[in-house]
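Chemist: My questions concern the predicted model and sequence given below.
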Amino acid sequence: MSNERSRAAYPDSGNKERAKRMNWKKAIVAGCLLAVTATGVFVASAAGAAQETPLSAAGEKLAARYAEMLTALRAEIAQAVPAVDEQKKAAFQAAREAVKKAKADVAAAQQPLDKIAGAEGLVGHR
């Protein structure tokens, strides 16, 4: 009840308090956005400035070993993948294009029918 009396006596005071709270909220949001932006800029600049550490002798041996393993795996995968018959591939692509064309033809044929149905709806209303 005392808040109502004070608002009645000082009608502007509620608006001033509300404005102060809004200003604080805006300041907090702006500060958070500034902190996030600054953090993102710092991380991005640090990632770009990172230099690659040179490998030791053991690291060089591991890198060579892993490169050989990668080459062997690529060759194994290439052998395991079945060869695609070019004739079948061409037939599949032709069928795919025919389906696309048929869908486009259906859509084109449907447009006048939709216009007719719309006109019938306008004429047949009561």
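Modeler: Now that the structure is in, tell me what you want to look at.

Chemist: Could you give the average pLDDT over whatever helix or strand Ala119 lives in?
Modeler: Taking DSSP states H and E as the definition, Ala119 sits inside helix 86-123. On average, the pLDDT along helix 86-123 is 90.

Chemist: What helix or strand is the most centrally placed residue in the chain located in?
Modeler: Among the residues of the chain, the smallest C-alpha distance to the mean C-alpha position (Cα atoms, centre = their mean) belongs to Gly40, namely 18.6 Å. When secondary structure is defined by DSSP H and E, Gly40 falls within helix 13-49.

Chemist: That helix: how far from the chain's middle?
Modeler: Here helix 13-49 shows a centroid-to-chain-centroid distance of 25 Å under the convention Cα atoms, centre = their mean, to the nearest Å.

Chemist: Same check on stretch 107-117?
Modeler: Here the centre of mass of C-alpha atoms in stretch 107-117, compared against the chain's by Cα atoms, centre = their mean, lies 36 Å away.

Chemist: care to break the chain down by domain?
Modeler: In the domain annotation for the chain, the residue ranges read 1-51, 53-81, 85-126 (automatic domain parsing).

Chemist: Give the helix, strand or coil label for Thr53.
Modeler: Classification of Thr53 into helix, strand or coil gives coil, according to DSSP: H, G, I helix; E, B strand; the rest coil.

Chemist: hang on, the earlier thing: buried sites along the helix holding Ala119?
Modeler: The neighbour-count criterion (16 or more other Cβ atoms under 10 Å) identifies no buried residues in helix 86-123. Bear in mind the C-beta positions are built from the backbone N, C-alpha and C, glycine included.

Chemist: tell me which strands and helices it is in contact with?
Modeler: Judged by 3 or more Cβ pairs under 8 Å, 6 or more residues apart in numbering; DSSP states H and E, helix 86-123 is in contact with no other helix or strand.

Chemist: I'd like the distance from it to the chain centre, please.
Modeler: Going by Cα atoms, centre = their mean, where helix 86-123 is centred and where its chain is centred differ by 31 Å.
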